[in-house]
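Asks: When you get a sec, could you give me coordinates for this:
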Amino acid sequence: MNKGKKRHFTESELEIVVNDVEPRREILSGPLSAGINMKRKEMSGRPDKISGILLKSCARQLSPIFHHIFNVSLSQQKVPRLWKQAEMIPVPKVSKPKMLNDFRPVALTSLLMKSFEKIVKSELLGRTAHALDPMQFAYRAHRGVEDATLTLLNL
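Replies: The predicted structure is shown next:
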């Protein structure tokens, strides 16, 4: 076990959280269409050459195919190599760039991978939300610095 984690959780606490969540290696088909459909139409092509326009226009027809691919990926615990690649695009920070520092690197990644990540994140949060500390404010929907500050002031 990672030493950093050991400081925060006892073995029994980790076992409770792990044993309390039943394993699921399959994605339900319901959220899949939403994951694919969430992408904006105007997004450009990516390393996998699948455009946002295609995903948006054909989400209903492609959903069963990607459902199968996502489930195979989960069951084999592998992600297609192409989904991990990124195309780096230099975007100017200033109107007339003259040096390398005048550019900001932007990584274009697979829209399918982003959809897959969103679906897996939704599944994980839905199944583990009950185990999260109520005082956890970072990386949680509808919670932020203001909530943490108000909570601390009212303790």
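Asks: what's residue 91 sitting at in phi/psi?
Replies: Here is the backbone geometry of residue 91 (degrees, to the nearest 10): phi -110, psi 130.
Asks: swap that for residue 88, sorry
Replies: phi -90, psi 130.
Asks: ok, it - contacts?
Replies: 105-108 (Cβ atoms under 8 Å, 6 or more residues apart in numbering). (C-beta placed from N, C-alpha, C; glycine too.)
Asks: Neighbour-wise, give me the winner out of those residues.
Replies: residue 108 (15 neighbours; other Cβ atoms under 10 Å).
Asks: where does that residue fall, helix, sheet strand or coil?
Replies: strand (DSSP: H, G, I helix; E, B strand; the rest coil).
Asks: lowest-pLDDT helix or strand in the chain?
Replies: helix 3-6 (a mean of 46; mean pLDDT, DSSP states H and E).
Asks: Am I right that residue 48 is in a strand?
Replies: No. Using three-state DSSP, the assignment for residue 48 is coil, not a strand.
Asks: Kindly tell me how buried it is, as a neighbour count.
Replies: 16.
Asks: Same question for residue 116.
Replies: Count around residue 116 with other Cβ under 10 Å applied: 23.
Asks: Next: residue 112.
Replies: Counted with other Cβ under 10 Å, residue 112 comes out at 23.
Asks: before we move on, which element is the residue nearest the centre of the chain in?
Replies: With distances taken as Cα atoms, centre = their mean, the residue of the chain nearest its centroid is residue 117 (3.5 Å). Here residue 117, judged by DSSP states H and E, is contained in helix 111-128.
Asks: Just after that helix, pick out the following helix or strand.
Replies: Past helix 111-128, the next helix or strand by DSSP H and E is helix 145-153.
Asks: still on that earlier bit, gap between the residue nearest to the centre of the chain and residue 111?
Replies: 11 Å (Cβ to Cβ, to the nearest Å).
Asks: again, but for residue 119
Replies: Relative to residue 111, and taking Cβ to Cβ, residue 119 is found at 13 Å.
Asks: before we move on, what about residue 51?
Replies: Residue 51 sits 8 Å away from residue 111, going by Cβ to Cβ.
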